[in-house]
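> This is the structure alone, sequence omitted:
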């Protein structure tokens, strides 16, 4: 234990100490007024009587009221659901539009839900280290407020079992437990900066890496404004960077090879129809070398569903390179 200081700190040093001690807590604060507002506009989503996650009341530019949530909460597009508001009232509703590339869904609800308040959508995504807050019925606690901070503001792609394809999102550092899917992430102004979708898995035995996948507000705004089915280009397989492979796999490849390998390949989806097999390596797309997953998927997602791409592919143990044509499908058209 240190003895007390004999002399007071100089004023500039004292101010520095105060700023250091106060700023981290201040950066994480959300006013009680905003907490009450967001909580009132946050809902629970039940499908077939089962709590599936959360959502938020929003409006399109014409003032039509919807609930925004995650698409994967629904087992199939025709499912009806029950929206439970903060006062425990239940409201029957149904899916109106969805975007599986960002795991977003709009639920058509009674216009009377406007009385609970409407949350605005942020015009831009938050930057790295910015504080954000998730409102969701995590662990069945109706509406917890879970703080986080942006870990990577750029677009990332994560394999998503619900669509057997890829979800575009950004990463938030914050552990979100079960039932948090669909809950809105808001900034310090109470604006929606994205929707909670999933958690990046941790190491074996750990349910979470501490990273949450969150949709960008631009995708949220587009779905609300258009209120129609998106058409997300799909490839029908999961990708891995060669540099992350096991040593035994790397030893089957020519020295210095770069690319992305595929596993699994889903039957009757684009990669399968193109003749790409599990563990094949994609070297280039439309003559552009690809080393990273996001490089390849960015090229795919820039074009409309149904576009044909020319790939260079290699099979481990075989040094020859073959050229195949990959024609994307639409994730939304194959969701039944």
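All right, it came through fine. What you are looking at is a predicted structure, and each value in this text was computed from that prediction instead of being measured.

> Toward the C-terminus from the helix or strand bottoming out on mean pLDDT in the chain, list the very next helix or strand.
One helix or strand of the chain scores below all others by mean pLDDT, DSSP states H and E: helix 11-27, with a mean of 40. Note on helix 11-27: by DSSP states H and E, the next helix or strand toward the C-terminus is helix 32-40.

> avg pLDDT for that next one?
Averaged over helix 32-40, pLDDT sits at 96.

> tilt between the longest strand seen in the chain and helix 32-40?
Determined from DSSP state E, the single longest strand within the chain is strand 144-160. If you take axes from the mean of the first three to the mean of the last three C-alpha atoms, to 10 degrees, strand 144-160 sits at 50 degrees to helix 32-40.

> Just list what strand 144-160 packs against, helices and strands only.
strand 131-136, strand 165-173, strand 192-199, strand 211-214, helix 293-301 (3 or more C-beta pairs under 8 Å, 6 or more residues apart in numbering; DSSP states H and E). Bear in mind the C-beta positions are built from the backbone N, C-alpha and C, glycine included.

> cutoff 7 Å now
Contacts defined by 3 or more C-beta pairs under 7 Å, 6 or more residues apart in numbering; DSSP states H and E place strand 144-160 against strand 131-136, strand 165-173, strand 211-214, helix 293-301.

> That strand - which strands sit beside it in the sheet, and in what orientation?
When sheet partners are counted by DSSP bridges, strand 144-160 sits next to strand 131-136 (antiparallel), strand 165-173 (antiparallel).

> So which residues of the stretch 201-336 of the chain form strands?
Taking DSSP state E, counting those that start in this stretch as the criterion, the stretch 201-336 of the chain carries its strands at 211-214, 233-234, 237-241, 260-265, 281-285, 288-289, 308-314, 321-327, 329-330.

> Could you give me the buried positions within stretch 31-49?
34-35, 37-47 (16 or more other C-beta atoms under 10 Å).

> try stretch 181-192
181, 182, 183, 184, 185, 186, 187, 188, 190, 191, 192.

> Now pLDDT and secondary structure too, for these, in CSV please.
Putting these into CSV (pLDDT from 0 to 100; DSSP: H, G, I helix; E, B strand; the rest coil) gives the following:
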residue, pLDDT, secondary structure
181, 94, coil
182, 96, coil
183, 96, coil
184, 97, strand
185, 97, strand
186, 97, strand
187, 97, coil
188, 95, coil
190, 97, coil
191, 98, coil
192, 98, strand
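
> follow-up on the earlier one: and the strands of the stretch 201-336 of the chain, which one averages the lowest pLDDT?
Among those, strand 211-214 scores lowest, with a mean of 94.

> quick one on the thing from earlier: give me the contacts around the longest strand of the chain.
28, 35, 103, 125-136, 138, 166-174, 176, 200, 211-213, 238, 293-294, 297 (C-beta atoms under 7 Å, 6 or more residues apart in numbering).

> Which entries within the residues you listed meet the buried criterion?
Applying 16+ other C-beta under 10 Å to the contacts of strand 144-160 flags 35, 103, 125-126, 130-136, 138, 166-174, 176, 211-213, 238, 293-294, 297 as buried.

> what are the phi and psi angles of residue 290?
phi -120, psi 130 (degrees, to the nearest 10).

> Go ahead and confirm it touches residue 297.
No: assessed by C-beta atoms under 7 Å, residue 290 is found out of contact with residue 297, at 9.3 Å.

> any low-confidence regions in the stretch 1-150 of the chain?
Confidence mapping of the stretch 1-150 of the chain against pLDDT under 70 gives the ranges 1-28.

> Below-threshold pLDDT in the stretch 151-300 of the chain: ranges please.
Counting by pLDDT under 70, the ranges of the stretch 151-300 of the chain that qualify are 202-208.

> rerun that using 90 as the cut-off
Applying pLDDT under 90 to the stretch 151-300 of the chain picks out residues 161-163, 174-179, 198-210, 252, 254-256.

> Could you find the closest non-adjacent residue to residue 228?
Residue nearest to residue 228 in three dimensions, not counting chain neighbours: residue 97, with 5.3 Å by C-beta to C-beta, 6 or more residues apart in numbering.

> Would you agree that neighbour falls within a helix?
No: remark: residue 97 does not belong to a helix; assigned using DSSP: H, G, I helix; E, B strand; the rest coil, it is strand.

> Write down the beta-bridge partners of it, one by one.
residue 106.

> wait, what's in contact with it?
By C-beta under 7 Å, 6+ apart, the neighbours of residue 97 are 106, 223, 227, 228, 229.

> how near is it to residue 72?
Separation of residue 97 from residue 72 (C-beta to C-beta, to the nearest Å) stands at 15 Å.

> cool, and residue 152?
The gap separating residue 152 from residue 72 is 21 Å, by C-beta to C-beta.

> more crowded one of the two?
residue 72 (22 against 13; other C-beta atoms under 10 Å).
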